[in-house]
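*Asks:* give me a 3D structure for the following:
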Amino acid sequence: MDANQQLVAEIEAYAAATGMAVRTFCKKAAGNSELVERMRGGGSVTLKIAERVRNYIRANPAKRAGSSPRRLKTMGPGAYRTCVSSVR
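*Replies:* Here you go, the predicted structure:
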C-alpha cells in the first residue's frame, strides 16, 4: 500500500467511525471535497495536505457509538398522540 492509498484508507476509516460522509470530511479537513476522488483516480497530495488531514483526525477523535446520545428536539405536548393517531 503506497502513501496515497494509506491516506485514503485513514480517511475512509475515520469517516465511517464518525458517520461523516467522506466528501464532508475532506472539505472540513483539507478544504477540498474532491480530495479522495482525485486520489483514487491516481492523483497525489502534498505533504502539507496529508498533514492537515492527519492533524484534523488527531484533533477530532471519533467517539465510540453511543457515547454521546443526540438530543431529540421536542415537538410539544400532544405531539406523540398526533403521530400515533395518524399511523392507525
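
*Asks:* which strand or helix spans the closest residue to residue 11 other than its chain neighbours?
*Replies:* With C-beta to C-beta, 6 or more residues apart in numbering as the criterion, residue 11 has its nearest non-adjacent residue at 5.8 Å, and that residue is residue 36. Backbone N, C-alpha and C define where each C-beta goes, glycine included. Using DSSP states H and E, residue 36 falls within helix 35-40.

*Asks:* now that helix: buried residues?
*Replies:* Residues 35-36, 39 are the ones in helix 35-40 that count as buried (16 or more other C-beta atoms under 10 Å).

*Asks:* identify the residues contacting the residue nearest to the spatial centre of the chain.
*Replies:* Centroid check for the chain by C-alpha atoms, centre = their mean gives residue 20 as the closest residue, at 2.1 Å. Residue 20 makes contact with residue 14, according to C-beta atoms under 8 Å, 6 or more residues apart in numbering.

*Asks:* so how far is residue 35 from it?
*Replies:* Using C-beta to C-beta, to the nearest Å, residue 20 is found at 14 Å from residue 35.

*Asks:* now do residue 61
*Replies:* Counting by C-beta to C-beta, the gap from residue 61 to residue 35 is 20 Å.

*Asks:* so, low pLDDT: which residues of this protein?
*Replies:* Scanning the chain for pLDDT under 70 picks out 64-88.

*Asks:* could you redo the last one with a cut-off of 50?
*Replies:* 67, 69-72, 80-88 (pLDDT under 50).

*Asks:* before we move on, back to that, what comes up buried for the helix or strand following the helix holding residue 36?
*Replies:* The C-terminal neighbour of helix 35-40 among helices and strands, as given by DSSP H and E, is helix 47-59. Residues 49-50, 52-53, 56-57 are the ones in helix 47-59 that count as buried (16+ other C-beta under 10 Å).
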